[in-house]
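Participant: Structure for this input, please:
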Amino acid sequence: MEKYLNENSFHQGLIQVKLIDKDGAGNVLKMPLSTNTFETANLGRSPNPSVVLDSKYSGIKDIISNRSTFEVHSGKSVDLFNIQFGLLYGNIAKQKCILLYLCPLKTPTAGGSSYNNPLNNKHCIIFKSNLDHLPSYAHEMAHTLGLEHTFKEGQAVQQKITEAQSKLTEHRRKQNLERTKKTEHLRTNQAYYNTHPTEKATAIKTLDQNIHSYNDIIKHYEDELNILGKIRINLRIEKLKILWIMI
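Facilitator: Predicted structure coming up:
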C-alpha cells in the first residue's frame, strides 16, 4: 500500500506517505463499533449521551441504508467515525495527519467516502468492496487533501463556481440583514434598554445568535469556492502521515 501510494500515485504531487497502524505505545489502532452504536446513531441520538449530546448525531440519522444487508450511508459513516474516533483516541485525532478507516461494512453505491469540504477534514473510509482496490485509497485521500472531481453530476466546474458564489452571496446578504435588524432593534428600544440592562443583554444574545447562525454555511461555500478554484493546484513537498484504523 505505502509503496503504491508513493510510487504510483502521490509522487506526482511530490507527496510521500507514511502509513501508521499503531499508537505511541505500540497498540494496533482499532475502533470497535457495535451494532448498537449504529442503531442509536440511526435514530439521530448519541450512543454516549453522558459524553456527547444527541445534537452531534442529528445529521447521522438514517445512517443504515439497508437493514436486511446492513448497508450504511457512506457520508454519514464519515461523520460517525469522526466522532467515535475522537472519543477513543482524542490525542491522536488532533494530530496533523489523515485518518484512514478500513471498514468491513458495505454501502449501496460507494467503495469509499471522504470530504474535501470543510478544508480541515482529515477522515476518509475505504469500505469492504474496495479494500483490495489500491486506487480507491489514493482517490479518497486526495479528496481529504482538498482535491475535487473535475466534474459532478455532469456540471462544468465553472457552473459549480457560479452556483456556489450565488449561494454564498445570498447567505451573506441574509446575515447582513440580521445585523441591520440588530442595529435597528437596539436603536428603537434604546430608552427602554437604558433602564433595563438585563433585558438588553438577553436581546443582544438572541440577535447575535441569529447573525452567527449563518457562519457555518458561509464558511462551507467559501471553502467550496476555494476548492473549485484549485482544481489544478501546486502541492508542496511534504511528508504525509496516514493513520490506518481497523473497524
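Participant: make it CA atoms for all contacts and neighbour counts henceforth
Facilitator: Noted.
Participant: tally of neighbours for E140?
Facilitator: Residues near E140, counting by other CA atoms under 10 Å, number 22.
Participant: ok, and the closest non-adjacent residue to it?
Facilitator: In space, and not counting its chain neighbours, E140 is closest to S114: 5.8 Å by CA to CA, 6 or more residues apart in numbering.
Participant: Can you report phi and psi for the one you found?
Facilitator: phi -170, psi 170 (degrees, to the nearest 10).
Participant: hang on, it packs against H143?
Facilitator: Yes. Assessed by CA atoms under 8 Å, S114 is found in contact with H143 at 6.3 Å.
Participant: Counting neighbours around each, name which of the two comes out higher.
Facilitator: S114 (24 against 21).
Participant: Name whatever forms a beta bridge with the more buried one.
Facilitator: Beta-bridge pairing of S114 under DSSP bridges involves C124.
Participant: mind checking how far it is from G24?
Facilitator: Per CA to CA, to the nearest Å, S114 is found 26 Å from G24.
Participant: Apart from its chain neighbours, what residue comes closest to L43?
Facilitator: Spatial nearest neighbour of L43, chain neighbours left out: K61 (5.2 Å); criterion: CA to CA, 6+ apart.
Participant: Against N42, how distant is that neighbour?
Facilitator: K61 is 4 Å from N42, by CA to CA.
Participant: Contacts only, for the residue nearest to E140.
Facilitator: By CA atoms under 8 Å, 6 or more residues apart in numbering, the residues touching S114 are 75, 78, 123-125, 140-141, 143-144.
Participant: And the strands in this protein, which stretches?
Facilitator: 15-20, 64-66, 71-72, 98-102, 112-114, 123-126, 238-246 (DSSP state E).
Participant: so who does L105 touch?
Facilitator: 70-72, 127-128.
Participant: Now a ChimeraX select for only the buried ones of the residues you listed.
Facilitator: Entered in ChimeraX, the line below selects the buried ones among the contacts of L105, by 16 or more other CA atoms under 10 Å:
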select :71,72,127,128
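Participant: Closest one to L53 out of the contacts of L105, please.
Facilitator: V72 (22.1 Å; CA to CA).
Participant: can I assume F70 is in contact with I63?
Facilitator: No. Look at F70 against I63 with CA under 8 Å: they stay out of range, at 10.0 Å.
Participant: rewinding a little: any idea how many residues pack against the residue nearest to L43?
Facilitator: 17.
Participant: distance of it from K182?
Facilitator: Counting by CA to CA - K61 and K182 are separated by 34 Å.
Participant: sorry, back to before: could the contacts of L105 be laid out in JSON lines, adding pLDDT?
Facilitator: Shown next, in JSON lines, are the contacts of L105 (pLDDT from 0 to 100):
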{"residue": "F70", "pLDDT": "90"}
{"residue": "E71", "pLDDT": "92"}
{"residue": "V72", "pLDDT": "93"}
{"residue": "F127", "pLDDT": "92"}
{"residue": "K128", "pLDDT": "90"}
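Participant: got TSV for the contacts of L105, with distance to Y192 too?
Facilitator: Output for these, formatted as TSV (distance: CA to CA, whole Å):
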residue	distance to Y192
F70	59
E71	58
V72	55
F127	60
K128	64
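Participant: That'll do, ta.
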